[in-house]
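# Just the structure for this:
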Amino acid sequence: MREPIDGRCHCGTVTFRVVLNDGLASAMRCNCSYCRMRGAVAVTARLDDVTILSGAESLTLYEFNTRTAKHYFCRICGIHTFHQRRSNPGEYGVNLACLAGMSPFDLAEVTVTDGVHHTSDSEDGKKRVVGVLRFMAGKTSPCV
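Numbering: from 1, shown residues only. You can find the predicted model right below:
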């Protein structure tokens, strides 16, 4: 059985519960213009598997280009919580950093998919991997 995980934005106004399709195995980043700037690692959930517990009125919607993808973020703290995917509108990409006890820095590697040449725009409709992000923990040093 897949276990529900609680999530929230930074300020705690928006809270939600999610069941992930494939757990952390679905973790990925995208290289489209929006995702490059946003920088979040997303994990996959079906639309029915995300339940907003509080703060729905504080979720703000951002759409661009085809307006198929629906990016939701908290209007108070600005944190992106989840987005309805363009590649599969029946799924949400959930911001891993919003999930209780999880951090993208807990993952050694994160697949980066080609959002610049989106699957919905390609002839074969296949998702393409363009790289891998690696986090290698090291000794911390003060910022200069």
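# Pull the number of nearby residues for Thr68.
14 (other CB atoms under 10 Å). Just so you know, the C-beta spots here come from the backbone N, C-alpha and C atoms, and that holds for glycine as well.
# That one contacts Arg86, doesn't it?
Yes: Thr68 lies in contact with Arg86 (CB atoms under 8 Å); the separation is 4.3 Å.
# spatially speaking, which residue is in the middle of this structure?
For the chain, Ala42 is the residue whose C-alpha lies nearest the centre (CA atoms, centre = their mean; 2.8 Å).
# List the contacts of it.
26-30, 82-83, 93-96 (CB atoms under 8 Å, 6 or more residues apart in numbering).
# What is the lowest-pLDDT residue among these?
On pLDDT alone, Cys30 ranks lowest of those, at 86.
# beta partners for that residue?
Thr113 (DSSP bridges).
# so how many other residues sit close to it?
By the criterion of other CB under 10 Å, Cys30 has 27 neighbours.
# Skip the chain neighbours and tell me the closest residue to Leu107.
Ala27 (5.8 Å; CB to CB, 6 or more residues apart in numbering).
# ok, Ile76 touching Gly12?
No: using CB under 8 Å, Ile76 is not in contact with Gly12, being 9.1 Å away.
# Look at the two and report which has more neighbours.
When Ile76 and Gly12 are compared for neighbours, Ile76 comes out ahead with 15 against 12, by other CB under 10 Å.
# can you tell me which residues contact that one?
Here Ile76 is in contact with 9, 11, 13, 58 (CB under 8 Å, 6+ apart).
# For PyMOL, write the select line for the buried members of those.
Those of the contacts of Ile76 that count as buried under 16 or more other CB atoms under 10 Å are selected in PyMOL with:
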select buried, resi 9+13+58
